[in-house]
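Q: Sequence first, then the predicted structure, then my questions.
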Amino acid sequence: MAFTWSEARRVFFWCIGLCFVVLTCVRPASADAPPVRIAVVPGGGSGQEQEVCDRINGQLQSNQDVALSPTNPDWYVVCNIKEMLDQNSGQIRYNGTVTTKTTAGHIISTVSLQKYNQDFSLTPGTQLNKKLVDNAVQDVISGLTERAVGPIQQAVEVEMETRERMIKATRLGSERKFDEAIALLRPITPETPHFSAVQALKKKLESQRNASLSPAAKARKGASH
């Protein structure tokens, strides 16, 4: 039997809806973990620091595991640039740092960069060569951004994996699959900001597992130690 145009359209949209439901049901476990909320802020409020912030934001905004927001962030990325210009010696020096830390103060990563230029044409009473100064500033801005983004993205990957493991371990615990849940938490190292929470969850799961053992199983476990 031939379909009419309206029937064909209904079948088409029904198929689209079915595909959406299937994709939703089989989405990866990472969809359970919320993205890392990050606020990228200038440490001293200078224009150079703000430019570093803007560039870091630009490179992080395409990361689906990152939510850039100054509201209730999980992490702060603090950009600092210190300017040291000496009119007498002609020295042009910029020190820059980018520090990623949790709101509780746990340092996740720190990168730094120093740029030094020398104005050899300087004569007493004159200004430093503007081009040399501008070049030093741009070198620090570009270099800091390049150095900072990689460690931030790596830290986000570790953070997401930790969150996913904790969520899955909690779910397995509710299903009384305690050994699987505990095994998921073992690889998590002290470097993560959540290490104390992970240890607490692991201890809770071990306690629940021990409480669920039969008297005979408890006796066998006690005899093995």
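A: Cool, the structure landed. Numbering: from 1, shown residues only.
Q: Surely Leu132 is in contact with Arg93?
A: No. If you go by CB atoms under 8 Å, Leu132 and Arg93 don't touch, sitting 11.4 Å apart. C-beta: built from backbone N, CA, C; applies to glycine.
Q: Overlap in contacts, those two.
A: Listed as contacting both Leu132 and Arg93 by CB atoms under 8 Å, 6 or more residues apart in numbering are Asn117.
Q: what's the longest helix belonging to the chain packed up against?
A: Counting residues, the longest helix in the chain under DSSP state H turns out to be helix 130-174. With contacts taken as 3 or more CB pairs under 8 Å, 6 or more residues apart in numbering; DSSP states H and E, helix 130-174 sits against strand 36-42, helix 47-60, strand 75-85, strand 91-102, strand 107-118, helix 178-185, helix 195-212.
Q: In the third one, which of the residues would be classed as buried?
A: Of the residues in strand 75-85, those buried by neighbour count under the rule 16 or more other CB atoms under 10 Å are Trp75, Tyr76, Val77, Val78, Cys79, Asn80, Ile81, Lys82, Glu83, Leu85.
Q: do the same with stretch 92-99
A: Of all the residues in stretch 92-99, those buried under the rule 16+ other CB under 10 Å are Ile92, Arg93, Tyr94, Gly96, Thr97, Val98, Thr99.
Q: if we can go back for a sec, can you put the helices and strands packed on helix 130-174 in CSV and add mean pLDDT and distance to Ala136?
A: Shown next, in CSV, are those (pLDDT from 0 to 100; distance: least, CB to CB, whole Å):
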stretch, mean pLDDT, distance to Ala136
strand 36-42, 97, 18
helix 47-60, 96, 10
strand 75-85, 92, 9
strand 91-102, 90, 5
strand 107-118, 88, 5
helix 178-185, 91, 47
helix 195-212, 90, 40
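Q: export those to TSV and tack on distance to Glu159?
A: Formatted as TSV, those follow (distance: least, CB to CB, whole Å):
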stretch	distance to Glu159
strand 36-42	5
helix 47-60	13
strand 75-85	8
strand 91-102	10
strand 107-118	8
helix 178-185	15
helix 195-212	12
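Q: Figure out which of those is closest to Ala148.
A: strand 91-102 (3.9 Å; CB to CB).
Q: Tell me what angle the closest one forms with strand 75-85.
A: Relative orientation of strand 91-102 and strand 75-85, computed by axes from the mean of the first three to the mean of the last three CA atoms, to 10 degrees: 170 degrees.
Q: what are the pairing partners of strand 91-102, and which direction each?
A: Sheet partners assigned to strand 91-102 using DSSP bridges are listed as strand 75-85 (antiparallel), strand 107-118 (antiparallel).
Q: Local confidence estimate at Arg10?
A: At Arg10, the pLDDT value in this model is 47.
Q: and Lys168, which of the helices and strands packed on helix 130-174 is closest to it?
A: That would be, of the helices and strands packed on helix 130-174 and by CB to CB, helix 178-185, which comes in at 5.9 Å.
Q: so how far is the closest one from its chain's centroid?
A: Distance of helix 178-185 from the chain centroid (CA atoms, centre = their mean, to the nearest Å) equals 24 Å.
Q: Many thanks, I have nothing further to ask.
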